Structures are given as C-alpha cells and as structure tokens.
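Asks: Take this sequence and fold it.
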Amino acid sequence: MRFLYLIYQWCIAYPILVVLTAITAIVTIVMAGICGNHFWGYYPAHIWSRCVCTLLFVRVKVVGRENIDPKTSYVFVANHQGAFDIWAIYGYLNHDFKWLMKKELEKIFLVGKACRRAGHVMVDDSSVTGIRTTIAESEKTLQGGMSLVIFPEGSRTFDGKMIPFKRGAFMLAAEYRLPVVPITIDGAFRRMPRTTYNTTPGRITLTIHKPIYPGEKGFNTKRLMAECFDEIESSLPERDKTPRADAK
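Replies: This is a model prediction of the structure:
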C-alpha cells in the first residue's frame, strides 16, 4: 500500500500540485497588483493549501477556533514541525494574516514574487540594516490592522520536539501591545519531516489556544516567550515534548 501511495504521490499528486502552485502564484501576482493584497494576498493561497492537503490525503482537524475573533489583529506563534505546517495554517486557520518568513524563500521562482506581492514580511537577519528593514515592514503590517503568523523556533524540528524560541515575534507583540495566540501543530512532523519529500497520509491537529493579552504595563517578553512555549507544548503528545532542561 505504501508503494502504491508513493507512485500516486510522485506521478499524479506532485505534478498536479506543481501546476496548481504556479497558477496560484500567477493569480496572486496579477490580482494583488491590480486589486491590492488584502483579499488576493490570502484567498488564492488559502484554497491552494486545502488542495495540497486533499491531494495528499492529509486531514486537518482544528480545535479552539472559537478562541479568536476574525476582526481582531493577533500575533500568532506556532511550533514548526514540517512543510505541512504552512498548508495547515494557511488552509484551515480561517483568519486573514501575513507570514513573517525567511528572505531566502524570495528566490523561489514565481512563489517568491507572489509572497512579496501578497504582502508577506521577509526576514533579513544578515545585517543590522536588514533587521531594521524587517522590523519596519512588520510594524507597517501590524499598524494596518493585519495579523502576523510566525514560527518563533526559526526552523523546522529534526526530531518532532520543539526548538527554543527566538525573541523577535514577542518583541513585536510587546511593541504594539497585540494579543498573542499560541498555536500547536501536531502531526505535521509525521506527515513529512524536513529530511524527506515523501509524505504519509494521516491527520494533523491544529490547536488554537486562548489569546494572551498584555497587562497594564504591556508584556514581559521573556515571560511571554516562556508562557507561549509551555502553552504550545501542552497539546503535543509526550513523545514530542522537550526535556525540561532543553526547553528554554
């Protein structure tokens, strides 16, 4: 059965997805350029992500969607298990947002330009000037009433366990006093870890936790970071929990 699935994946599903990706990128580039990126920077990729999951027989279950208001701006922070994290959030969060994403992705043919046209923020941490530019773009996005989605680990896990968080996402939330929503992604590592392009059908669970609001004096960044780490990890199975000595 596994052999038959791999034949389907590489000979049928992936070729279809290459075409769908190109169409989605072109539609985003053209329509976001003409009509703006509020609608066209989100919905083409939202539909594309659902198609990816459907074609690869990956089901996404969402828990806690009632915890967020579609009219409120948030900084969403999620653990990063694999490539399916992007498709699960894009396809099933059902909340308009922009990604804070690695600048290297800008080099991908068509996709990079589509991401730029969609209004996603590219992270350039190669120099002080690049970091300042990234912060300025993020601030502009947040001031416009949009939400941001960030993987504070910075990269995908190698073993399913969470990597210590970086501070950038939490500094932005503190600066603008925006509520922070932790999201737990469970199952994406087993659907397709970073060490392979082969996928495994199954389920991903997306758990949307309750927003964490700033107090009268705003956020304590270090405390916020630790609270989000613990909240995200609380919905992971024991096998994917980080030993306490390595968690922070």
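Asks: Can you tell me the SS state at the residue nearest to the spatial centre of the chain?
Replies: Nearest to the mean C-alpha position of the chain, by Cα atoms, centre = their mean, lies I86 at 4.8 Å. Put simply, I86 is helix when judged by DSSP: H, G, I helix; E, B strand; the rest coil.
Asks: Wait, it touches S49, no?
Replies: Yes. Using Cβ atoms under 8 Å, I86 makes contact with S49 at a distance of 7.2 Å. Yep, even glycine has a C-beta here, placed from its N, CA and C like the rest.
Asks: Tell me who's in contact with the residue nearest to the centre of the chain.
Replies: By Cβ atoms under 8 Å, 6 or more residues apart in numbering, the contact list for I86 reads S49.
Asks: any idea how far it is from M162?
Replies: Note on I86: its distance to M162, by Cβ to Cβ, to the nearest Å, is 17 Å.
Asks: what's H38 sitting at in phi/psi?
Replies: phi -70, psi -50 (degrees, to the nearest 10).
Asks: what's the longest helix seen in the chain packed up against?
Replies: Using DSSP state H, we find that the single longest helix of the chain is helix 14-35. For helix 14-35, the packing partners by 3 or more Cβ pairs under 8 Å, 6 or more residues apart in numbering; DSSP states H and E come out as helix 37-40, helix 43-55, helix 111-118.
Asks: what mean pLDDT does the shortest one have?
Replies: With pLDDT averaged residue by residue, helix 37-40 scores 94.
Asks: and if you look at the last one?
Replies: Throughout helix 111-118, pLDDT has a mean value of 96.
Asks: Likewise for the second one?
Replies: Model confidence over helix 43-55 averages 98 on the pLDDT scale.
Asks: Buried residues, it. List them.
Replies: P44, A45, H46, W48, S49, R50, C51, V52, C53, L55 (16 or more other Cβ atoms under 10 Å).
Asks: Same check on the first one?
Replies: Buried residues in helix 37-40, defined by neighbour count with 16+ other Cβ under 10 Å: N37, W40.
Asks: swap in the last one?
Replies: Within helix 111-118, the residues that qualify as buried are V111, G112, K113, A114, C115, R116, R117, A118, counting by 16+ other Cβ under 10 Å.
Asks: Please write out the alpha-carbon positions of the longest helix of the chain in CSV.
Replies: Extracted in CSV, the C-alpha atoms of helix 14-35 (Å, rounded to 0.1, in the frame of the first residue of the first chain):
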residue,chain,number,x,y,z
TYR,A,14,3.0,16.3,-7.2
PRO,A,15,2.7,17.1,-10.9
ILE,A,16,-0.8,18.5,-10.2
LEU,A,17,0.5,20.5,-7.3
VAL,A,18,3.3,22.0,-9.3
VAL,A,19,0.7,23.3,-11.8
LEU,A,20,-1.6,24.5,-9.0
THR,A,21,1.3,26.3,-7.3
ALA,A,22,2.2,28.1,-10.5
ILE,A,23,-1.4,29.1,-11.1
THR,A,24,-1.8,30.3,-7.5
ALA,A,25,1.4,32.3,-7.7
ILE,A,26,0.4,34.0,-11.0
VAL,A,27,-3.1,34.8,-9.8
THR,A,28,-1.7,36.3,-6.7
ILE,A,29,0.9,38.4,-8.5
VAL,A,30,-1.5,39.7,-11.1
MET,A,31,-4.6,40.3,-8.9
ALA,A,32,-2.8,41.6,-5.8
GLY,A,33,-1.0,44.0,-8.1
ILE,A,34,-4.3,45.3,-9.5
CYS,A,35,-6.7,45.0,-6.6
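Asks: OK, contacts around I47?
Replies: T24, G91.
Asks: lowest confidence element among the helices and strands of the chain?
Replies: In the chain, no helix or strand scores lower on mean pLDDT, DSSP states H and E than helix 244-247, which sits at a mean of 56.
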